[in-house]
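**Student:** The sequence and its predicted three-dimensional model are supplied below.
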Amino acid sequence: MAITLTHTAANRVETFLANRGKGLGLRLGVKTTGCSGMAYTLEFVDSLNEEDTIFESNGVKIIVDPKSLVYIDGTELDFTKEGLNEGFKFINPNVKDECGCGESFTV
Amino acid sequence: MALLQISEPGMSAAPHQHKLAVGIDLGTTNSLVATVRSGLSHVLGDEHGHTLLPSVVHYAENRMIVVGTEAQKKQNSDPHNTIVSVKRFMGRGIKDIDATQLPYHFAEQAGMLQIETRAGIKSPVEVSAEILKVLKARAEQALGGALIGAVITVPAYFDDAQRQATKDAARLAGLNVLRLLNEPTAAAVAYGLDNASEGVYVIYDLGGGTFDVSILQLSKGVFEVLATNGDSALGGDDFDHRIYCWILETAKLSPRNAHDTRLLMSKSREAKEWLTAHAETQISCLMSDGEFVNLTISCEQFTALTANLVQKTISPIRKALRDAGLTIENIDGVVMVGGATRMPQIQQVVAEYFKQTPLTNLDPDKVVALGAAIQANVLAGNKSDDELLLLDVIPLSLGLETFGGLAEKVIHRNSTLPVARAQEFTTYKDGQTAMSIHVVQGERELVSDCRSLARFELRGIPPMVAGAARIRVTFTVDADGLLSVSAREISSNVEAHIAVKPSYGLSEDEITNMLKASFNSAEADKSARMLTEARVSAGAIISAVNAALEADSALINKDQVSAIQDEIQRLAAICATDDTDAIHAGVETLNHATEEFAAVRMNASVSRALAGKALDEIKL
């Protein structure tokens, strides 16, 4: 399995990285918090940790730590618009249930 | 599911705790709201994708408050109730403005002027709050959550009263002001000039109706405004007007009626915008008297027509440079702000004057809002701590009145906040036991030319010969820019102090009342909403019953049909009233009256479904 980005998501990430002027790629992760158990994190990466796994999708490096990987392996990250709002969306096959707003989930 | 943004390393927000913050450019002509998402600052648009919100507020006949493009359309038909360029009135009194040129009915009031509208007497603070409310709603919709705060930009030359008025407008709109930021500083931030350690920059801001030039000095992360100058009656609109005059002259048109004037003005504006990127353009339009205008204007002609307008911007620059004690060789960069700076002839003249290419790669309409958003993002805590925070400076010197009506400055302008300074004063008469302290703000030498902020008295000074008392006056300005002044006689330790709130005629109580009024109108808004909802549901049931009658009225007798029809008419009549409860009751009654009819229809449809079928054909 792997982590992938859709074309749109990859384009956006490249724009954001170029605008930021630095950064190796994008870190996807989970942290145990939120109303439904776990929440996604999405951050720029300036330095790698030894245990990180690195994927590459549509030209963008995706960095995941092993603890997070078990929860999000197989995830596709998309960039979408909903009304006036826009942002990244995790399409995670491991999710069983999420809270009403979808900001946290359980596996 | 919720949409996520990319955070800085280690700065991911917990769910439901996004620190959403925006930057707002509350402009004279247009206002914008911007935010930083995934590290990128961008301006938020409305549902049609328009980013500029015209700063126009219209108080409509149906008690609705309309803001933006729709309000702008009312400007000609209903000028008294359509407030444009309210920013010019913020924190000002009637004597500060030329009221004869404006269509509004101004109300006499101590301090800040007020405008009489259909919706009652409105202060500029309330009008601005309406604009801010629209931007706030747009931001919350686009970001999917409540804002923790906003950075709002103000012109560098705004004094304390104007700044306080802006803050109060934000409060009325339900926005938490993280900071007020000078517009030129915001523009510099948008261009990332704050990332350098030192530099002197010129911000050339030519908007729709105003021209401002500011000279900023950056040192150790602090932008100081060295000088500002400008022309409050020069802007992009004047360039449109030049083309308009040229059309009248070239086409030998007689003076036009209002409709033709508006048409020609909008054609002129289109021509100006087209000439930004093209060598020539055609102007063709049909006048109301059937005359047809068809002209071609080239870029050279336009440049020649407007050369003296462009030149008019140079003298404020010269004055600002002189005030700052600088020459063009000291300038490290020139930032262009305002839609009118898109015009190539302006960029060219500015480039020639400063002997360098001005910064134009960001959209000049958006650059101030973009910079404000970057600052808001830092203040909201979305950046790591090592990011330098811009510091605020005091825009005008603070001091007190001394003998002879002279202003003695205690805190000089451009001091960074927070700041505290003390100075010693003494008595000028033998046996003087009290001293009146008059706090003033401004750069001028005479108290009468400065703005009076507060007065208080220090009493109980032991009688001494003139000049023997030592009275220490301390000025403290906190991080929010609020001033408190204390005075202490050193030998006797008598003390007095005052917290100064810049006043412009609206007291704290009045602001609180306005806030309360907005809560009251929340109740009115809610009942209006319930009324609409009740009407909608009544309408839905009426049309459903009508449809049913049309299809199946044969199932019931004539009396029953007319009874139902009577009920429908009764409900329709109730709907025309404003009584929400009565409408609900009417819906109930109609429901009740049709129960039998509904039962008959149900039976009929069941029998239709079953008719002519053997028992074993029916799937139960």
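**Tutor:** Received, thanks.

**Student:** Can you tell me how far A:Phe44 is from chain B?
**Tutor:** As judged by Cβ to the nearest Cβ, to the nearest Å, A:Phe44 and chain B stand 6 Å apart. Bear in mind the C-beta positions are built from the backbone N, C-alpha and C, glycine included.

**Student:** Excluding sequence neighbours, find me the nearest residue to that residue.
**Tutor:** Closest residue in space to A:Phe44, ignoring its immediate chain neighbours: A:Gly23 at 4.4 Å, by Cβ to Cβ, 6 or more residues apart in numbering or on different chains.

**Student:** How about B:Asp231?
**Tutor:** Leaving aside its sequence neighbours, B:Asp231 sits nearest to B:Phe211 (Cβ to Cβ, 6+ apart; 4.6 Å).

**Student:** Was I right to think the one you found contacts B:Thr228?
**Tutor:** No: the criterion here is Cβ atoms under 8 Å, and B:Phe211 misses it with B:Thr228 at 11.2 Å.

**Student:** How many neighbouring residues does the residue nearest to B:Asp231 have?
**Tutor:** Neighbour count of B:Phe211, defined by other Cβ atoms under 10 Å in any protein chain shown: 24.

**Student:** near chain A at all, the helix or strand harbouring B:His42?
**Tutor:** In this structure, B:His42 sits in strand B:40-43 according to DSSP states H and E. Yes: contact between strand B:40-43 and chain A is present through B:Leu40 (criterion: Cβ under 8 Å from any Cβ of the partner chain).

**Student:** Chain A: helices as residue ranges?
**Tutor:** Ranges of helices in chain A, per DSSP state H, are A:7-20, A:66-72.

**Student:** same deal with the stretch 451-600 of chain B?
**Tutor:** Assigned by DSSP state H, counting those that start in this stretch, the stretch 451-600 of chain B shows helices spanning B:508-552, B:558-575, B:580-593, B:595-610.

**Student:** Quick one: residues contacting the residue positioned nearest the centre of chain A.
**Tutor:** What sits nearest the mean C-alpha location of chain A, by Cα atoms, centre = their mean, is A:Leu28, with 3.7 Å. By Cβ atoms under 8 Å, 6 or more residues apart in numbering or on different chains, the contact set of A:Leu28 is A:3, A:40-42, A:62-64, A:68, A:72, A:75, A:77, A:90.

**Student:** with these in mind, which one is nearest to chain B?
**Tutor:** For those, the minimum distance to chain B (Cβ to the nearest Cβ) is 3.8 Å, reached by A:Thr41.

**Student:** residues touching the closest one, list them.
**Tutor:** By Cβ under 8 Å, 6+ apart, A:Thr41 lies in contact with A:27-31, B:7, B:12.

**Student:** Filter those down to the ones in strands?
**Tutor:** Residues of the contacts of A:Thr41 located in strands (DSSP state E): A:27-31.

**Student:** Make a ChimeraX selection of the buried ones in those.
**Tutor:** The buried residues among those can be selected in ChimeraX (16 or more other Cβ atoms under 10 Å in any protein chain shown) with this line:
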select /A:27,28,29,30
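
**Student:** ok so, going back, got the contacts of A:Thr41 as JSON lines, with distance to B:Tyr59 and pLDDT columns?
**Tutor:** Output for the contacts of A:Thr41, formatted as JSON lines (distance: Cβ to Cβ, whole Å; pLDDT from 0 to 100):
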{"residue": "A:Arg27", "distance to B:Tyr59": "51", "pLDDT": "92"}
{"residue": "A:Leu28", "distance to B:Tyr59": "50", "pLDDT": "91"}
{"residue": "A:Gly29", "distance to B:Tyr59": "51", "pLDDT": "88"}
{"residue": "A:Val30", "distance to B:Tyr59": "51", "pLDDT": "84"}
{"residue": "A:Lys31", "distance to B:Tyr59": "49", "pLDDT": "79"}
{"residue": "B:Ser7", "distance to B:Tyr59": "42", "pLDDT": "85"}
{"residue": "B:Ser12", "distance to B:Tyr59": "45", "pLDDT": "74"}
